[in-house]
Each structure stands twice: as structure tokens, then as C-alpha cells.
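Undergrad: could you work out the structure for the sequence below:
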Amino acid sequence: MYNVKYIMSSPVFSITSGKSVSQAAEYMQEHQVGGLPVIEGESLVGIITSKDVRFHHPNRIVADSMTSPVISCEPDDTIWEAAELLQEYKIERMPVMEHGKVVGMITKSTLMKSIGQLYDSLTGIYNSGYIYQVASKLLSEGHEISVVLFDIDNFGQLNKKYGHIYGDRCLKQIAKILKDNSEVDCDFVCRYGGDEFVLVSLKKIGTTEKMVKNIIDSIIIETSKTGVPVTVSAGICGGQRKYARNEVKCYEVIENLINKASLASTKAKTAHQRYIVEAGYPQQIKN
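TA: As a prediction, the model looks like this:
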């Protein structure tokens, strides 16, 4: 759902290398685009942008003014992968290629808008849409993952007793603790909704348990500094590599894993335990 193919512009307006720069400028203005793929036959040979137009004489031909070779992406690339390419090569747009043909164009502004919609405005971390995308991609690549759902205990009562400003402060604080206890490229966190947070990790279940313990302890310690200690209950669930590697199946798998983690956190809360592990083997309750 967060792949380039869903947000790229198509059909694509292109130009041939023998046209003049002034013709390229007119074509861009006519179609309200900032760049044109340069096509010869069915092959992509370059790209000419509004910046190229500004820095080259109008009578020069596109072949002498275009950028080549061209950085491109594929329709199934994620919006984060595409954004990383644009950032790495310091470009504003690039063609989307499939089977050697240009099927779309993607711009930095479009990508940033899409990525921005995946942030939770209150806590500054990603929302649930992001975690589904990340977890599904990891599963499709054959990784085993651990999924943790953290649920704040008695959050409704905290809001009623101390006010929503305090509640919002708690959510921000917990989001920061999750980020501080996560490893880049290994752990991925989001505010799942309301008072729930989800962490997806490439770590094994045992290592994830240790991380969860540290997070739970840190939440109690840090929130106690404000005078009102906050506790959370967590559910941990693991996903195996045996799952089918297709987009629809992976989304179903991650939905199931998050649901199991949610049920485990509810059981932990009811049993007054810190967390419960539900990972394809007999349930374990942890104090």
C-alpha cells in the first residue's frame, strides 16, 4: 500500500533527444511537470529537468543538456526506498521503470507528502500504516520478526484524573523511550492508536524479551520523575519465515501477529503481569 506504484504519476510525458531545450521547456510548461524522460525508441537515455533548462541555451538540443545515466526506481519499491535514492543522489524526481520501460514518474514532494501522512503528529513517531509496511516487507524478504504491543495501564483514568495535557505528555514520553531503546535498521516503532504502541524487531524472541523488560522499566522510572508513575502491559508474538511471500498474504500475517500481541497484552494486564509471550509455543507469563 506504500509502494511507488500507488503514488507515481502516469501516463508519462517524454521527449526525444533531438528536440531543443526551448521545446523541452514549452513541453514542461504545457504539462505542468518539472522534468521529462528522454526516450529513443523504447529506451530511456536520459532525463531533462527544469534546472537543466535554466542552465542551457534554448537552442541547444536535449541530448547535450540532459542528465545521463538516469537514476530510477521500480513500481514495487517502497516510498522510503525511493526517498532514499532521491536523497542519496540529490535529485528531485526520477522515472519509474518496469521491464525496461518508463511507466511513471515520482517526485520528492510527492514522496515527502506520502511519508508525512505516516507520522503521528503528537508523538513524532510513525503511525500504524508504517509498521504494516515495514513488517510486511520484512516477512516477504524471508525474515523472522518479533512483534510487541505495549498498552498503557489505566490510561483513561490518568486522563480523567490529571487531564489530557498530562496524558499527551505521557504518550510523548513513552514514544521517546521506545525510540531510545530501539536499534536502527533492527527495531521499528509506531504509535498504533490511542494508548497503544507497536514495536517490530528482527531480534529473536529471547532478545526481544530483554528489550521489552528494559522498556517497561524505563517507562516506570522516567514517568515517576514527573510524580505519577505509569505502567504498561505488553504482548510479544513471533512471525516465521514459512509464510507465503506475497503482499496480500504478508499483510494478513502481520494483522494476525499484531492481534495476537494485543490479546497477549490484555491477558498480561488482567493477570497483573508485565508481559506475556505468544510465539507459536506454549504461552509464557512473565513477572
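
Undergrad: which SSE is Ile39 in?
TA: strand 35-40 (DSSP states H and E).

Undergrad: now the helix or strand following that strand and strand 35-40, what's the angle there?
TA: Later in the chain than strand 35-40, the nearest helix or strand by DSSP H and E is strand 43-49. Strand 43-49 and strand 35-40 are oriented at 150 degrees to each other (axes from the mean of the first three to the mean of the last three CA atoms, to 10 degrees).

Undergrad: whichever helix or strand comes after strand 43-49 packs against which elements?
TA: Once the chain leaves strand 43-49, the next helix or strand it forms, by DSSP H and E, is helix 50-54. Counting contacts by 3 or more CB pairs under 8 Å, 6 or more residues apart in numbering; DSSP states H and E, helix 50-54 packs against helix 21-31. To be clear about C-beta, it is placed using only N, CA and C from the backbone, and glycine gets the same treatment.

Undergrad: report the mean confidence score over the helix it packs on.
TA: If you average the pLDDT over helix 21-31, you get 97.

Undergrad: domains in this structure, by residue range?
TA: 4-115, 123-286 (automatic domain parsing).

Undergrad: run a quick neighbour tally on Lys249.
TA: 14 (other CB atoms under 10 Å).

Undergrad: and if you look at Ala264?
TA: Neighbours of Ala264 (other CB under 10 Å): 27.

Undergrad: the one 5 residues further on too?
TA: As a burial measure, Lys269 scores 21 neighbours (other CB under 10 Å).

Undergrad: specify the local secondary structure of the closest residue to it other than its chain neighbours.
TA: Nearest residue to Lys269, sequence neighbours excluded (CB to CB, 6 or more residues apart in numbering): Ser233, at 3.9 Å. Per DSSP: H, G, I helix; E, B strand; the rest coil, the local secondary structure of Ser233 is strand.

Undergrad: hang on, the earlier thing: can you state the direction angle for the strand holding Ile39 and helix 21-31?
TA: Relative orientation of strand 35-40 versus helix 21-31 (the same axes, to 10 degrees): 120 degrees.

Undergrad: now do the buried residues in strand 35-40.
TA: Across strand 35-40, burial judged by 16 or more other CB atoms under 10 Å covers 35-39.

Undergrad: relative to Gly163, which of those residues is nearest.
TA: Of all those, Gly163 sits closest to Gly35, with 50.5 Å by CB to CB.

Undergrad: pretty sure the closest one is in contact with Met105, am I right?
TA: Yes: between Gly35 and Met105 there is a contact under CB atoms under 8 Å: 7.1 Å.

Undergrad: what's the burial count for Leu199?
TA: Residues near Leu199, counting by other CB under 10 Å, number 26.

Undergrad: hmm, I was thinking of Ile115
TA: 17.

Undergrad: contacts only, for it.
TA: 79-80, 83 (CB atoms under 8 Å, 6 or more residues apart in numbering).

Undergrad: next, format those as CSV and append neighbour count and secondary structure.
TA: Listed next are the contacts of Ile115 as CSV, based on neighbours: other CB atoms under 10 Å; DSSP: H, G, I helix; E, B strand; the rest coil:
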residue, neighbour count, secondary structure
Ile79, 24, helix
Trp80, 17, helix
Ala83, 19, helix
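
Undergrad: considering the residues you listed, which member attains the minimum pLDDT?
TA: Out of the contacts of Ile115, that is Trp80, at 90.

Undergrad: check contacts around it.
TA: 2, 115.

Undergrad: how near is it to Gln23?
TA: In this view, Trp80 and Gln23 are 36 Å apart by CB to CB, to the nearest Å.

Undergrad: all strands of the stretch 101-250 of the chain, in order?
TA: 101-107, 126-127, 145-152, 187-193, 196-201, 232-239 (DSSP state E, counting those that start in this stretch).

Undergrad: sounds good, over and out.
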